[in-house]
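Asks: From the sequence below, what's the structure:
(one chain, ligands or ions: 2)
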Amino acid sequence: MPIALPPKNECADRSERAKGAYLGLAVGDALGATVEFLTPGEIRHKFANRFANHDGKHKDIIGGGWLNLKAGQITDDTAMSLALGEAILMNGGKVDALASAHAFDNWMRSKPIDIGNTVRRNLIHFRQTGIPAAPASEHDAGNGAVMRLLPVALATLDYDAIDIAAAFKAQAHVTHNNPLSDAGGICLINMLHIALQSGTWIALKAAAKALESQNPEYAWSKTKKQENPSGYVAHTLQAVFQAFFATDSFESCLINVVNRGGDADTTGAIAGMLAGAWYGEHQIPPRWKIALDKTIARRCEEQADALLACSTSAARNPQDEPRCIAPPVKASVQAGSQSRFSPDPYGQSAP
Ligand code: MN
Ligand code: MN
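Replies: Ligands and ions are numbered 1, 2, ... in the order given. Here you go, the predicted model:
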């Protein structure tokens, strides 16, 4: 849908935007999961005759999908974000690589319903070495570190650019030590900050265009519609940016992106956090908010405010402690710690 004028960003309250972003992430995850791994044609076919006067689009939180979810249930995108957010809050607002790694590892031990291959492999690496940073790999350009970055964006709202990048990488490199993932993640945090600080549509677009011009893999503005986006971070963000900039409401953005199918829970989650930060919580359709798992919704709202509070301290001065803690240079595996690790139970189950 082409739009004549850029959509206005009318809510002025940071807290309302932060809650919009966090609930938007969860809503997008729960909505998209129903059609994850389907093609746009399969989605049209499946939803064409579902309800009278239905237009063949998936637009309600009904659960199901390949994970056979309950309506309102979320997946790894939201679960890893909440785990990371808790770790940041436990560290007084700092993004700590080791604390992030432990949080993700504890989440993996809870036998989550889904987990990305790269996440699983590199958390096993962490269990075996104690090093909370995966080996750098050009192959680890999946969207797994970007889908969970919202707590970092909320906790770093008043940071300078160097600290923002360091904070993103501290959590991201636990599982995805890859320059394309870094570029996409740092760009998305910048866009979330523009939205949370009541910036302009033009500034948002400039940030997304800058990513495209610096990393041609991300080309989104003049390339054809990204349908069936894969878990490759460039495909994921292409779909998200195309949907976000082509629509003028939270609801139309999310419906646009999840009906592209592919990694739809993750495009839904990322589009949900961006659109939620821009349009604010009040623009999330009530039917979606009501459908969302109540405990998850409450945790999202609580973390949104708590993380925002962490970021509002005065501008950093040189005497301050560092605001994020990079992984130690040397491994510090405790004696005998390897024997505590159970074998990976997800080896065959994840796609
Ligand atoms: Mn997921
Ligand atoms: Mn996914």
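Asks: in a helix, that's where Ile290 is, yeah?
Replies: Yes. Judged by DSSP: H, G, I helix; E, B strand; the rest coil, Ile290 forms part of a helix.
Asks: neighbours around it, how many?
Replies: Ile290 is flanked by 11 other residues according to other CB atoms under 10 Å. Glycine gets a C-beta too; all of them are placed from N, C-alpha and C.
Asks: Kindly report the same for Gly116.
Replies: Gly116 has 24 nearby residues by other CB under 10 Å.
Asks: my guess is it meets Val233, correct?
Replies: No. In this structure, Gly116 sits apart from Val233 without contact. The criterion is CB atoms under 8 Å, and the distance is 11.4 Å.
Asks: Residues that sit against both of those two, list them.
Replies: Gly142 (CB atoms under 8 Å, 6 or more residues apart in numbering).
Asks: Okay, strands next: where are they in the stretch 1-150 of the chain?
Replies: According to DSSP state E, counting those that start in this stretch, the stretch 1-150 of the chain carries its strands in the segments 95-96.
Asks: residues contacting the residue of it found nearest ligand 2?
Replies: Ranking the residues of the stretch 1-150 of the chain by distance to ligand 2 (CB to the ion) places Glu36 first, at 5.7 Å. Applying CB under 8 Å, 6+ apart to Glu36 gives the contacts Gly65, Trp66, Leu67, Gly261, Gly262, Asp263, Ala264, Asp265.
Asks: Can you select the buried ones among those for me in ChimeraX?
Replies: Remark: buried members of the contacts of Glu36, expressed as a ChimeraX selection using 16 or more other CB atoms under 10 Å:
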select :65,67,261,262,263,264,265
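Asks: Narrow the contacts of Glu36 to those in helices?
Replies: Per DSSP state H, helices hold the following members of those: Ala264, Asp265.
Asks: where in this protein is pLDDT low?
Replies: 1-6, 8-12, 51-53, 313-351 (pLDDT under 70).
Asks: Give me every residue in the stretch 1-150 of the chain lying close to ligand 1.
Replies: If contact is defined as CB under 5 Å from the ion, the residues of the stretch 1-150 of the chain in contact with ligand 1 are Thr75, Asp76, Asp77.
Asks: quick one: which of the residues you listed is nearest ligand 1?
Replies: Of all those, ligand 1 sits closest to Thr75, with 3.2 Å by CB to the ion.
Asks: Would you agree that closest one is in contact with Gly116?
Replies: No. When contacts are counted by CB under 8 Å, Thr75 is not listed as touching Gly116 (10.3 Å).
Asks: Quick one: the helices in this structure, in order.
Replies: Secondary structure of the chain (DSSP H): helices at 14-32, 40-47, 76-90, 97-109, 117-129, 150-155, 161-172, 179-196, 201-214, 233-245, 250-258, 264-279, 286-291, 294-311.
Asks: And the fifth one, what's buried?
Replies: Along helix 117-129, the positions that meet the burial threshold by neighbour count (16+ other CB under 10 Å) are Thr118, Val119, Arg120, Asn122, Leu123, Ile124, His125, Phe126, Arg127.
Asks: residues touching the residue most central in space within the chain, list them.
Replies: Geometric centre of the chain, nearest residue: Met147, 2.4 Å, by CA atoms, centre = their mean. If you count contacts by CB under 8 Å, 6+ apart, Met147 has them with Asp76, Asp77, Met80, Ser81, Thr236, Thr266, Ala269, Ile270.
Asks: Grab the nearest non-local neighbour of it.
Replies: With sequence-adjacent residues excluded and distances taken as CB to CB, 6 or more residues apart in numbering, Met147 is closest to Asp77, at 4.4 Å.
Asks: who's in contact with the one you found?
Replies: With CB under 8 Å, 6+ apart as the criterion, the residues that contact Asp77 are Leu25, Asp29, Met147, Arg148, Asp265, Thr266, Ala269.
Asks: Show me which pair in the residues you listed is furthest apart.
Replies: Arg148 and Asp265 (12.5 Å; CB to CB).
Asks: which bits of the protein sit near ligand 2?
Replies: So far as CB under 5 Å from the ion goes, the chain lies against ligand 2 at Asp263, Asp265, Thr266.
Asks: The nearest residue to Ala219 once chain neighbours are set aside and Ala21: what is the separation?
Replies: Leaving aside its chain neighbours, Ala219 sits nearest to Glu212 (5.4 Å; criterion: CB to CB, 6+ apart). Distance of Glu212 to Ala21, computed by CB to CB, to the nearest Å: 23 Å.
Asks: Around ligand 1, which positions in the stretch 151-300 of the chain sit nearby?
Replies: Counting by CB under 5 Å from the ion, the stretch 151-300 of the chain sits next to ligand 1 at Asp265.
Asks: For ligand 1, what's its nearest residue on the stretch 151-300 of the chain.
Replies: Of the residues in the stretch 151-300 of the chain, the one nearest ligand 1 is Asp265, at a distance of 4.2 Å by CB to the ion.
Asks: who's in contact with that residue?
Replies: Gly28, Asp29, Ala30, Gly32, Ala33, Glu36, Gly65, Thr75, Asp77.
Asks: which one among the residues you listed gets closest to ligand 1?
Replies: Within the contacts of Asp265, proximity to ligand 1 (CB to the ion) peaks at Thr75, which comes in at 3.2 Å.
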